[in-house]
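Participant: Predicted model follows, preceded by the sequence.
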Amino acid sequence: MSPEGFDVRARLSEYSPRPRRKRVVLADRRGPHVPRVRVEVDEQTGALEGLVRDLVEKQLRAALLLSGVVGAVLLGLPLAFWLVPSLGDVEVLGLRLPWLLLGVLAYPFLVVIGLLFTRKAERNEEDFLGMLEE
């Protein structure tokens, strides 16, 4: 109760009736809008099973190849500095070669590898969708 002796909410509800509820429709659901190709891929019918397996193998092959390149470079550099200690004394732009290669240039190298993988993965997916539409 308010200080004047009446309930403000009760008085307001007398003057402003509740509006009727409205139904909000966000999408028209009259028919299936999903292309037949995508439905078949979701269901993974027998005809598409081989294509999906091929896509997965291509993606895995690209990931393993680029991971191998990253591993060979980033693990090969410390091995090279350990096998040939005189490389550690070389200075480029005022930085020792190990610091320059492993501390500075490794990050742009990883970004380039990531971009290459993304491009390859997108190309594989486009090829896959192109085969489905044929």
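Facilitator: The structure has been received and is ready for your questions. No experiment lies behind these values; they were computed from the predicted model shown. Numbering: from 1, shown residues only.
Participant: Quick check: longest helix in the protein by residues?
Facilitator: helix 46-83 (DSSP state H).
Participant: Could you pull up the mean pLDDT of that helix?
Facilitator: For helix 46-83, the mean per-residue pLDDT is 90.
Participant: Helices of this protein, start to end?
Facilitator: Under DSSP H, the chain gives helices at 8-15, 36-43, 46-83, 97-98, 106-133.
Participant: Of all these, which one is nearest Glu91?
Facilitator: Nearest to Glu91 among the helices of the chain is helix 97-98; the distance by CB to CB comes to 7.2 Å. C-beta here means a position set from N, CA and C on the backbone, and glycine is covered the same way.
Participant: residues making contact with that closest one?
Facilitator: Leu77, Pro78, Phe81, Leu87, Gly88, Val90, Glu91 (CB atoms under 8 Å, 6 or more residues apart in numbering).
Participant: What is the longest helix of the chain packed up against?
Facilitator: helix 36-43, helix 97-98, helix 106-133 (3 or more CB pairs under 8 Å, 6 or more residues apart in numbering; DSSP states H and E).
Participant: Export those to a markdown table and append columns for mean neighbour count.
Facilitator: Shown next, in a markdown table, are those (neighbours: other CB atoms under 10 Å):
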| stretch | mean neighbour count |
| --- | --- |
| helix 36-43 | 12 |
| helix 97-98 | 16 |
| helix 106-133 | 13 |
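Participant: among the ones you listed, which is nearest Arg61?
Facilitator: It is, among the helices and strands packed on helix 46-83 and with distance given as CB to CB, helix 106-133, at 9.3 Å.
Participant: Once you drop chain neighbours, what's closest to Val92?
Facilitator: Counting by CB to CB, 6 or more residues apart in numbering, the nearest residue to Val92 once its immediate chain neighbours are dropped is Leu100, at 5.5 Å.
Participant: Determine the number of other residues adjacent to Val104.
Facilitator: Other residues near Val104 number 12, with proximity taken as other CB atoms under 10 Å.
Participant: Since that was my last question, I'll sign off now.
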